[in-house]
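K.L.:
Just a sequence and a predicted model for now, questions to come.
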Amino acid sequence: MAFIGTVMAPIVAFVHEHAVWAVPLAFVLAFLKSLAFVSLVVSSTVIVLVIGGLATASGVSFVPVWIAVSVGAALGDWVSYSIGFHIKDRAHRMWPFSSRPGLLPRGERFFQRWGAMSVVLCRFFSPLRATVPLLCGVFEMPPLKFQIANWLSAFLWAATLLGPAKMLTDWLR
């Protein structure tokens with residue numbers, strides 16, 4: 001336990017000194033993590049988790065970080081949905097669907113089976129998190145139905161992601 005305190009103390013001090021950046025950074029990382037295919041390049045889940053824990057450990061309120069992560073994730077999915085809606089007729093000719101032709105039919109079967117619940121379920125599975133909103137747009141899920149599932153699941157996902165880090169930092173205090 002002493003080792004963790006020794007290692008974490010300078011990091012917590014840094015975050016505390018720059019706490020003004022915790023909320024915007026959490027928002028940007030969650031947004032990027034939710035954009036179609038960007039999440040394959042930007043691995044931000046662990047970073048968002050760490051920022052949430054460090055922010056609360058350094059005195060930043062949990063609620064603004066939770067809201068920033070939730071809104072960032074929901075807006076990223078909204079953008080992905082919009083892209084899917086606009087490329088729907090060309091999606092099969094675009095990467096990665098062009099190089100893996102089985103992806104679209106599998107995605108469509110999953111989407112047809114689970115409907116709006118596919119947005120909620122896939123929010124919790126990293127490889128699918130950013131592609132399902134795109135497919136919801138491609139397969140023309142009604143926008144209101146998508147947005148309800150999107151926003152509710154974003155707040156639930158952020159609480160699930162950040163909650164344990166907050167509890168741990170509260171416990172370590």
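P.N.:
Thanks, I have it.

K.L.:
any chance you could map the helices in the chain?
P.N.:
Listed in chain order, the helices of the chain (DSSP state H) span residues 2-17, 22-34, 45-57, 62-87, 103-114, 117-122, 126-129, 131-138, 143-172.

K.L.:
I'd like those as a markdown table, with mean neighbour count appended.
P.N.:
For glycine as for every other residue, the C-beta is placed from the backbone atoms N, C-alpha and C. Listed next are the helices of the chain as a markdown table, based on neighbours: other C-beta atoms under 10 Å:
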| stretch | mean neighbour count |
| --- | --- |
| helix 2-17 | 12 |
| helix 22-34 | 22 |
| helix 45-57 | 20 |
| helix 62-87 | 21 |
| helix 103-114 | 14 |
| helix 117-122 | 20 |
| helix 126-129 | 16 |
| helix 131-138 | 26 |
| helix 143-172 | 17 |
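
K.L.:
For the ones you listed, which has the smallest mean pLDDT value?
P.N.:
Considering those one by one, the lowest average pLDDT is found for helix 2-17, at a mean of 59.

K.L.:
circling back: include distance to residue 94 when you put the helices of the chain into JSON lines, please.
P.N.:
Rendered in JSON lines, the data for the helices of the chain read as follows (distance: least, C-beta to C-beta, whole Å):
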{"stretch": "helix 2-17", "distance to residue 94": "39"}
{"stretch": "helix 22-34", "distance to residue 94": "19"}
{"stretch": "helix 45-57", "distance to residue 94": "25"}
{"stretch": "helix 62-87", "distance to residue 94": "6"}
{"stretch": "helix 103-114", "distance to residue 94": "10"}
{"stretch": "helix 117-122", "distance to residue 94": "20"}
{"stretch": "helix 126-129", "distance to residue 94": "18"}
{"stretch": "helix 131-138", "distance to residue 94": "10"}
{"stretch": "helix 143-172", "distance to residue 94": "20"}
